[in-house]
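Q: coords please:
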Amino acid sequence: MRSRSALFAIIAPGILLAATGVGAGDLLTATLAGSEVGLSVLWAAVAGAVLKWTLNEGLARWQLATDSTLLEGWVWKLGGWIQWVFLAYLILFTLAVGGALASACGVAGSAFLPLNQDPTTSKILWGVIHSFAGYLLVRYGSFRLFEVLMSVFIAVMFGTVMLTAVLIGPDWAGVARGFVPSVPQGSAAWLLGVMGGVGGTVTLMSYGYWIREQGRRGRENIRICRIDLAVGYVMTALFGIAVIIIGSRITVSNQGATLALEMADELAVVVGVWGRYAFLVGFWGAVFSSLLGVWQSIPYLFADFMDLRGGMKPGIRRNHDLRASKPYRMYLAFIATVPLIFLWTPVRSIQLAFGIFAAFFLPLMALTLLIMNNRRRWVGADFVSHWGHNVILGLGFVFFVYVGVSGLIEQFAP
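A: So this is what the prediction gives:
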């Protein structure tokens, strides 16, 4: 029993990261991408997972080498101006991701138990219910309860979605071709959405706060962080691939409001009614775990920002319980309420906007890690980035800038 507890302690932050990043971004954006452009975007799920692992490994390396969060490093090493850019982005991101997650949970709840004959109204009601349930669990639950719930949710969703992808009998030759990198006409925005949705965006920064909750400090913990990040992102990549395969077999109607039912019906044709309900449970587990993870993690960033603005000294900050702070509780209330206005936005529109908007954070993170983790006097000779890390981060930076601009042109050009 002790060995199982030790193993869970090692992989728990990676599981939390996977459960948070996998959900609305992967299940809805990736499904819609598969429906719109087919299997040609499969490679983006793998590339996104590799890039996110590299970003998070760089974040962990910085924090363990300097005993400061990435946000602290930005402010103390790159200048105070960056915190204001980050705050503006964080607020806009909160509105986009909060609306997308509430909407996704609304779709999941409506698929399992409609509250109204009108799918849109049912989606809105379920979205509100899930948002407030997430608020109560985060506000009054312990971090240990949060870890256990997220682990259960990801186990359920991973098993059911992987089973669905196999049982629908995909075109395996087409699946193989989907791993060859390409950017077909009209797919740039969806490529960006898939890579942005796989494994999270701004929520990547939450990893630093989760490992601090576990007491991970010091350079000796970098190996453990690499292991748990590998576990989390392998699961994330496999999940993204499975969802794209499922999406390629369906045609989404009604702007996605009945998306979960359409996906469940694909499984029902193959294995019967039991499979349909099993998938709906997994779908719900995916999107609600993502909502719960974001509701718990994003307020850390605002609380950290407020500590920095308040001039709290580093030695005090490292022992400060952010979850018990007033700024944390205020931002938790904000994310659980204000973004609900986007429940009246069509699912397809809010999911694509979420994917594109969220992914624009990644070039900033890649660029700053390239600068900070290559300074020997900042991180020490042993923790300076390997050339392989620099290549991946450099390619990721160029790709997101290029595809991001192309996606915006595709969406808004006359």
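Q: in the stretch 251-400 of the chain, which spans are helices?
A: 259-271, 273-309, 314-317, 326-337, 347-359, 361-372, 376-379, 387-412 (DSSP state H, counting those that start in this stretch).
Q: Would you mind checking the average pLDDT for the first one?
A: Spelled out, that is helix 259-271. Helix 259-271 shows a mean pLDDT of 69.
Q: ditto for stretch 38-48
A: Stretch 38-48 comes out at a mean pLDDT of 86.
Q: Just the residues contacting that stretch, thanks.
A: Identification of contacts with stretch 38-48 by Cβ atoms under 8 Å, 6 or more residues apart in numbering yields 30, 33-34, 170-171, 174-175, 177-182, 184, 187, 190-191, 194-199, 237, 240-241, 244-245, 248. No exception for glycine: its C-beta is placed from N, CA and C like everyone else's.
Q: ok, back up a step: mind checking the helices of the stretch 251-400 of the chain for the one nearest to residue 214?
A: helix 273-309 (13.9 Å; Cβ to Cβ).
Q: Pull out the buried residues from the closest one.
A: 275-276, 278-280, 282-308 (16 or more other Cβ atoms under 10 Å).
Q: helices or strands next to that helix in the packing?
A: Helix 273-309 is packed against helix 2-21, helix 70-73, helix 81-112, helix 119-140, helix 143-167, helix 206-213, helix 259-271, helix 326-337, with contacts defined by 3 or more Cβ pairs under 8 Å, 6 or more residues apart in numbering; DSSP states H and E.
Q: and these as TSV, adding distance to residue 384 and mean neighbour count?
A: Formatted as TSV, those follow (distance: least, Cβ to Cβ, whole Å; neighbours: other Cβ atoms under 10 Å):
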stretch	distance to residue 384	mean neighbour count
helix 2-21	23	20
helix 70-73	15	22
helix 81-112	22	22
helix 119-140	37	19
helix 143-167	32	19
helix 206-213	19	23
helix 259-271	45	20
helix 326-337	33	18
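Q: Tell me which of the helices of the stretch 251-400 of the chain sits nearest to residue 231.
A: It is, among the helices of the stretch 251-400 of the chain and with distance given as Cβ to Cβ, helix 273-309, at 16.0 Å.
Q: ok, residue 193 - how many residues close by?
A: 31 (other Cβ atoms under 10 Å).
Q: Enumerate every residue touching residue 345.
A: Contacts of residue 345 (Cβ under 8 Å, 6+ apart): 99, 103.
Q: Go again with 7 Å.
A: residue 99 (Cβ atoms under 7 Å, 6 or more residues apart in numbering).
Q: Now do it, the pLDDT please.
A: 72.
Q: Check the one 10 residues further on too.
A: pLDDT for residue 355: 57.
Q: Could you do residue 325 as well?
A: At residue 325, pLDDT is 89.
Q: what sits against the residue lying closest to it once chain neighbours are set aside?
A: Once flanking residues are discounted, residue 325 sits nearest to residue 303: 5.0 Å by Cβ to Cβ, 6 or more residues apart in numbering. Contacts for residue 303 (Cβ under 7 Å, 6+ apart) come out as 322, 325, 327, 328, 331.
Q: was I right about residue 205 contacting residue 301?
A: Yes - using Cβ atoms under 7 Å, residue 205 makes contact with residue 301 at a distance of 6.1 Å.
Q: Give the residues shared as contacts by the two.
A: With Cβ under 7 Å, 6+ apart as the test, residue 205 and residue 301 both reach residue 71.
Q: Good, we can wrap up now.
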